[in-house]
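>>> my questions concern the predicted model and sequence given below.
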Amino acid sequence: SQELEQSPQSLIVQEGKNLTINCTSSKTLYGLYWYKQKYGEGLIFLMMLQKGGEEKSHEKITAKLDEKKQQSSLHITASQPSHAGIYLCGAASGGGADGLTFGKGTHLIIQP
Amino acid sequence: DAGVIQSPRHEVTEMGQEVTLRCKPISGHNSLFWYRQTMMRGLELLIYFNNNVPIDDSGMPEDRFSAKMPNASFSTLKIQPSEPRDSAVYFCASSRGEKLFFGSGTQLSVL
């Protein structure tokens, strides 16, 4: 089965600083999803990457998928308190709609 | 659209009691998923349905867990009897493809 390793497990960043979260897969990724979870709430979809080398941005968040399609990174520029939460990467197993396997998440805390 | 609706938001029960969690997926979505989230194990897929039919329940931890989807707009996850180690946040998600839409979850505490 596919396993996703996220790093770091937790991150404390001063407001205004940049940060990067990584997600590494044990197998080739067919689709890589980034979700954000606020404490006590459900997961909110951020971005989906499918092609090797693909990069997508939304506001101050940029996600990339490497050429080999086994690693993805999520980069936040000029972090704000609203960015605080848990970031999870999820992977599709091979093209079917049979659910996503998730990493354990990265807990992000923004210090004012 | 109201999104995926789960109830209750919080459930506190005593060991041995039956617990039923409910989920209403987004209208038009044909897949429904039940996940469990704990600090130790993260987010685990328990079972998923496609067109109301259970496709893969290999993630269901024990026979004490059962899930049903009697129609396209409703699903339940039942734990009977409940145990303290079942304490977790249970999420329901629905989809029309690979992208999942999650409910707000049910925080379950078994004392």
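Cool, got the structure. No experiment lies behind these values; they were computed from the predicted model shown. Numbering: from 1, shown residues only, chains lettered A, B, ... in the order given.
>>> from here on, just use CA atoms for contacts and neighbour counts.
OK.
>>> tell me the contacts of the residue lying closest to B:I5 once chain neighbours are set aside?
Once flanking residues are discounted, B:I5 sits nearest to B:K24: 5.1 Å by C-alpha to C-alpha, 6 or more residues apart in numbering or on different chains. The contact partners of B:K24, by C-alpha atoms under 8 Å, 6 or more residues apart in numbering or on different chains, come to B:4-6, B:73-75.
>>> what helix or strand is the residue nearest the centre of chain B on?
A centroid search over chain B (C-alpha atoms, centre = their mean) returns B:W34, at 3.6 Å, as the residue closest to the centre. According to DSSP states H and E, B:W34 maps onto strand B:31-38.
>>> where does the residue in chain B positioned nearest to chain A land in three-state SS?
Across chain B, no residue is closer to chain A than B:S104, which sits at 4.2 Å (C-alpha to the nearest C-alpha). Judged by DSSP: H, G, I helix; E, B strand; the rest coil, the three-state class of B:S104 is coil.
>>> returning to that earlier point: can you list the neighbours in contact with the strand holding B:W34?
Against strand B:31-38 from outside (C-alpha under 8 Å, 6+ apart): A:97, A:99, B:25, B:42-52, B:77, B:88-97.
>>> same question for stretch A:12-32.
For stretch A:12-32, contacts defined as C-alpha under 8 Å, 6+ apart pick out A:2-8, A:48-50, A:65, A:68-81, A:89-95, A:103, A:106, A:108-112.
>>> just those residues: which are in strands?
Of those, the ones assigned to strands by DSSP state E are A:4-7, A:48-49, A:65, A:71-76, A:89-92, A:106, A:108-111.
>>> for the residue of chain B closest to chain A, what are phi and psi?
Recorded main-chain torsions at B:S104 are phi -80, psi -10, according to degrees, to the nearest 10.
>>> from A:S10, how far off is it?
22 Å (C-alpha to C-alpha, to the nearest Å).
>>> hang on, the earlier thing: quick check: the residue of chain B closest to chain A vs B:D63, distance?
Using C-alpha to C-alpha, we find B:S104 at a distance of 26 Å from B:D63.
>>> give me the more crowded residue out of those two.
Comparing B:S104 with B:D63 by other C-alpha atoms under 10 Å in any protein chain shown, the one with more neighbours is B:S104, at 23 against 9.
>>> run a quick neighbour tally on the residue lying closest to that one once chain neighbours are set aside.
For B:S104, ignoring the flanking residues on the chain, the nearest one in space by C-alpha to C-alpha, 6+ apart is A:G42 at 4.2 Å. Using other C-alpha under 10 Å, the number of residues around A:G42 comes to 22.
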